[in-house]
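Q: give me a model of this one.
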Amino acid sequence: MNKVNRKLEYSLMALKHMSQKRPGELTTAKEVADSYRAPFDATARVMQTMAQKGLLRSEHGAFGGYQITKDLTKVTLLDLIEWIQGETKIAKCLHKEEPCEIQPQCNIISPITNLNHRLNNFYKSVSIQELLQR
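A: So this is what the prediction gives:
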């Protein structure tokens, strides 16, 4: 039901890989993609997105790469999900840009909204550091 998106998987792979390196050591998207047989383009895109959001620092050039800049104990799973996938909405009725055709007759909007809120609170309670250590 609540499946982890592939892009989120690639971002977690990259973060775990980088967190196991020496401080200051750079990591390339190619290194991550090759290490875990992940598609290079998707891996590079999520690493660029994480850099744009300030989670990673990118260094350009022949010896460039990425480095984690934020404390992963302070970054939540919800933060990462929203940076990579956008807002978390578990049902069509919660997406304002895609109105649900049965919404006027629906009797579960309130419970679904409550469930979505509870899931977001759970994601907010899990730090990336905690998740990657398990």
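Q: which residue packs closest to Ala91, ignoring adjacent ones?
A: Once flanking residues are discounted, Ala91 sits nearest to Ile112: 4.7 Å by CB to CB, 6 or more residues apart in numbering. Glycine gets a C-beta too; all of them are placed from N, C-alpha and C.
Q: what number of residues lie near that neighbour?
A: When neighbours are counted by other CB atoms under 10 Å, Ile112 registers 16.
Q: if I look at it, how far off is Leu80?
A: As judged by CB to CB, to the nearest Å, Ile112 and Leu80 stand 23 Å apart.
Q: what do you get for Asn5?
A: According to CB to CB, Asn5 stands 11 Å off from Leu80.
Q: show me which of the two is the more surrounded one.
A: Taking neighbours as other CB under 10 Å, Asn5 and Leu80 compare with Leu80 leading, 25 against 13.
Q: mind listing what's buried in the helix or strand bottoming out on mean pLDDT in the chain?
A: Least confident element among the helices and strands of the chain, by mean pLDDT, DSSP states H and E: helix 109-125 (a mean of 91). Buried residues in helix 109-125, counting neighbours by 16 or more other CB atoms under 10 Å, are found at Ile112, Asn116, Asn120, Tyr123.
Q: immediately after that helix, which helix or strand?
A: For helix 109-125, the following helix or strand on the C-terminal side (DSSP states H and E) is helix 128-133.
Q: how about Asn2, secondary structure?
A: Applying DSSP: H, G, I helix; E, B strand; the rest coil to Asn2 yields a three-state assignment of coil.
Q: from Leu15, how far off is Tyr36?
A: Relative to Leu15, and taking CB to CB, Tyr36 is found at 12 Å.
Q: more neighbours: which of these two?
A: Leu15 (26 against 14).
Q: which residues are in contact with the residue nearest to Ala91?
A: Ile90, Ala91, Cys93, Leu94 (CB atoms under 8 Å, 6 or more residues apart in numbering).
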